[in-house]
Every structure is written in structure tokens, then in C-alpha cells.
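Trainee: Sequence isn't available, so here's the structure alone:
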């Protein structure tokens, strides 16, 4: 199962992804989380020791240029770069959950040349081809990654949305682009929901009910502020997380 998650910045997608990772792991599944956000925070959410010391692969320009085979000043590079050894080198583990901090796959002219971007995309494809693993892909906020088609290989896209007009507008735009990318399974997940009125607001604005709604959780906020893994707050949202995983596995 390969699941990507996206949403407007600040909606809590990293938190929900960390909760899903913990739930899948507790159910006995092998879990790999790929943090492909431009501002990666998944390491802290999973409880990795000294997360500030992890350098995203997207920032390793020399490594990316080397693997791309691009010579400085040349427009030519290898479109099928070697990446199969990189997971062993850069995957870290926290409480039985594997994590690779990839960083955002940027487009040419946006801080990452085509050659380096090709290496990152090849690496992502390699990670998504592991059949036995649950792969959870935490994407950058917004919709740019969908425009570049970097998550076409996932089985399902979860769009996290909070009960606000701007949150709903962004979520619907992401869904439109995902439909254009021919991602077959797309679902909304509500977050920071304070009751039935918020759920009704989301359902009316989205045109369908979210498959799960997470509350505005003081326990999760306290956990995050202490720099602890989100799993320490799991008890408050354990049933919601369990039900969401059951829904994903049944579809």
C-alpha cells in the first residue's frame, strides 16, 4: 500500500501521517515514511533522535550531481541514474518505523536542476516499488508536486483539510490536479474539527464527507511543543486512526 498525503500548509498532514505510520506498525506492517516536504518535520513527529542533524537528500547537491552524471556547464545527464544503494545509506529508524528525509523535488529553475531532480524522482520511484512495505509519502504543502506528476505511482492520495474556506478551496484544487494526474483513489481527511457543525461544513464545501475527522487536539499540541513523537498522544485519537487505517485497507 502506497499512500501520499497533501494539503494546505499548516493543516496537520505531517501529524496525521505520523499517526498512520504508528498504527500500521502496531498492526505488524513494515512501514517506510518518505518526507518529501520542502520543510521536513517528520523526523521529530516520529521520535527520531536529534532530528535536526538529518540533512534532506535534496540538499546534497554534490551527491545528486554525481549520480546524475552531469558535468558542470553541460546540459547532458543520465536519465536512469543509480540510486538503489541510497536507501541503505540514508534511511533512519525510530521505534520500528523507517524514515527517509528526501526533501522537496523541485522543478528546474526553482533551486534544483533537471538532472538533480531526475535523481530524486528515480529514488522516489524505487522506494514506491517495494511491494511488501506500507509506504507513506508526506508531500510538500500546496499543489505544485501534483503539477510535476511526482506521485502518480501511489495507490491513494489523502488530502488533509481543516474547516475553513481557504482550506476547502486548496483541497478542491489539489483534488482537481490529482484527477488530472489520473490518481484513482482520492479521499479527504478532516483535521482540527471541533464538532458536528465543522464536519457538516466540510461535507458541504467538499461535496462529500471526509473518510475521517481528527479533533483539534490539545494533547497533540502539547506533545509537539515538547519535541516528542506524536505517538505519545495516540491514545486521544487512537480509535479514529485505527478506523482510518481499516477504511484504507478495505478499499
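Mentor: Yes, it's here. A quick note: this is a predicted structure, and the numbers were derived from the prediction, not measured.
Trainee: ok, how many other residues are close to residue 209?
Mentor: Each residue near residue 209 was counted by other C-beta atoms under 10 Å, and the total is 15. All C-beta spots, glycine's among them, are computed from the backbone N, C-alpha and C.
Trainee: And residue 1, how far from residue 211?
Mentor: When C-beta to C-beta, to the nearest Å is the yardstick, residue 1 and residue 211 sit 15 Å from each other.
Trainee: and what of residue 204?
Mentor: Plainly put, residue 204 is 16 Å away from residue 211 if you go by C-beta to C-beta.
Trainee: So for these two, which sits in the more crowded spot?
Mentor: Under the criterion of other C-beta under 10 Å, the comparison of residue 204 against residue 211 puts residue 211 first, with 15 against 11.
Trainee: Wait, the more buried one touches residue 244, no?
Mentor: Yes - with contacts defined as C-beta atoms under 8 Å, residue 211 counts as touching residue 244 at a distance of 6.8 Å.
Trainee: Overlap of the contact sets of those two?
Mentor: Shared between the contact lists of residue 211 and residue 244 (criterion: C-beta atoms under 8 Å, 6 or more residues apart in numbering) are residues residue 189.
Trainee: which residues does residue 64 contact?
Mentor: 57, 58, 112, 115, 116, 119, 120.
Trainee: ok, now residue 166?
Mentor: residue 8.
Trainee: Work out for me the element it sits within.
Mentor: helix 165-180 (DSSP states H and E).
Trainee: before we move on, what about residue 199?
Mentor: Element membership for residue 199, per DSSP H and E: helix 196-206.
Trainee: How far off centre is that helix?
Mentor: Relative to the centre of its chain, helix 196-206 is centred 24 Å away, using C-alpha atoms, centre = their mean, to the nearest Å.
Trainee: ditto for stretch 81-95
Mentor: Stretch 81-95 has its average C-alpha position 17 Å from the chain's average C-alpha position, going by C-alpha atoms, centre = their mean.
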